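1. A predicted structure for the sequence below; I have some questions about it.
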Amino acid sequence: MSVVDAIDALLPQTQCGECQFPGCKPYAMALASKLAPIDRCPPGGVKTLRALGALLNIDPSPYEADMAQKTRAPSIAVIDEPACIGCTKCITACPVDAIVGAGKFMHTVIETECTGCGLCVAPCPVDCITMVPIAAAHFDPEKAKRRHHEKIIRDLKHQQQKAHSYQTQKHPQDIEAKQAYILQALERTKAKKSHE
């Protein structure tokens, strides 16, 4: 197992971004490269802080008091379904696909998949999502890691398809018209320079 994978295995897999990285794996990569401190995981709390310190041979004691204060208790997102307008912004924001629904239809949270990251709250234009504290997290960290990875791959493919679609929508006559316009502009510039 690589150092990055060993670090990633200690992280809670909430994919919340509170560490200032876009998920647990990027934070693990930064830790392995010594580009981030070990105290950036509020969902993991003191337990994760100590585990990271032991793995990386870093004394966690200077960070423990602060981490104890900023540790975030487990929670899940709850959508006030009658208030939901079906905008899909929460679906897009969820890093593990724990929200289901369709455009202009009510959305709902799959409680056993929700990591409690809270990333769905801010994008909601009607403030119908709240984070509700729970006694213990319900989600499977390995499944959350896999779902996050799958979402990243899917989003990248979608972006590539969109870019490809944009490029192929250009008609040859449009390209020829642009080239002709550029040539005319160059000719005007040459003519202007020759008269100076």
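-> That came through fine.

2. neighbours around residue 6, how many?
-> Burial of residue 6 is recorded as 14 neighbouring residues (other C-beta atoms under 10 Å). Just so you know, the C-beta spots here come from the backbone N, C-alpha and C atoms, and that holds for glycine as well.

3. next: residue 190.
-> Residue 190 has 10 nearby residues by other C-beta under 10 Å.

4. just the element for it, please.
-> For residue 190, the host element (DSSP states H and E) is helix 172-195.

5. what about that helix, average pLDDT?
-> Averaged across helix 172-195, pLDDT comes to 73.

6. what's the spacing between it and its chain's center?
-> The chain centre lies 44 Å from the centre of helix 172-195; the measure is C-alpha atoms, centre = their mean, to the nearest Å.

7. alpha carbons only: can I get that helix in CSV?
-> Coordinates of each C-alpha in helix 172-195 appear next as CSV, following Å, rounded to 0.1, in the frame of the first residue of the first chain:
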residue,chain,number,x,y,z
PRO,A,172,-17.5,24.5,-42.3
GLN,A,173,-19.1,27.6,-43.6
ASP,A,174,-18.7,29.3,-40.2
ILE,A,175,-15.0,28.4,-40.2
GLU,A,176,-14.5,29.7,-43.8
ALA,A,177,-16.4,32.9,-42.9
LYS,A,178,-14.1,33.5,-39.9
GLN,A,179,-11.0,32.8,-42.0
ALA,A,180,-12.2,35.2,-44.7
TYR,A,181,-12.8,37.9,-42.0
ILE,A,182,-9.3,37.4,-40.6
LEU,A,183,-7.8,37.6,-44.1
GLN,A,184,-9.7,40.8,-44.8
ALA,A,185,-8.6,42.3,-41.5
LEU,A,186,-5.0,41.5,-42.4
GLU,A,187,-5.3,43.1,-45.8
ARG,A,188,-6.8,46.2,-44.3
THR,A,189,-3.9,46.4,-41.8
LYS,A,190,-1.3,46.0,-44.7
ALA,A,191,-3.1,48.6,-46.8
LYS,A,192,-3.1,51.0,-43.8
LYS,A,193,0.6,50.5,-43.2
SER,A,194,1.5,51.1,-46.8
HIS,A,195,-0.3,54.5,-46.8
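
8. pretty sure residue 19 is touching residue 25, no?
-> No - contact criterion C-beta atoms under 8 Å: residue 19 and residue 25 do not qualify, at 11.0 Å.

9. so for those two, which residue has more residues nearby?
-> Neighbours per residue (other C-beta under 10 Å) separate residue 19 from residue 25, with residue 19 holding more: 23 against 20.

10. from residue 132, how far off is the more buried one?
-> 23 Å (C-beta to C-beta, to the nearest Å).

11. burial count for the residue nearest to residue 137 when sequence neighbours are not counted?
-> Nearest non-adjacent residue to residue 137, counting by C-beta to C-beta, 6 or more residues apart in numbering: residue 74, 4.2 Å away. Residues lying near residue 74 (other C-beta under 10 Å) number 18.
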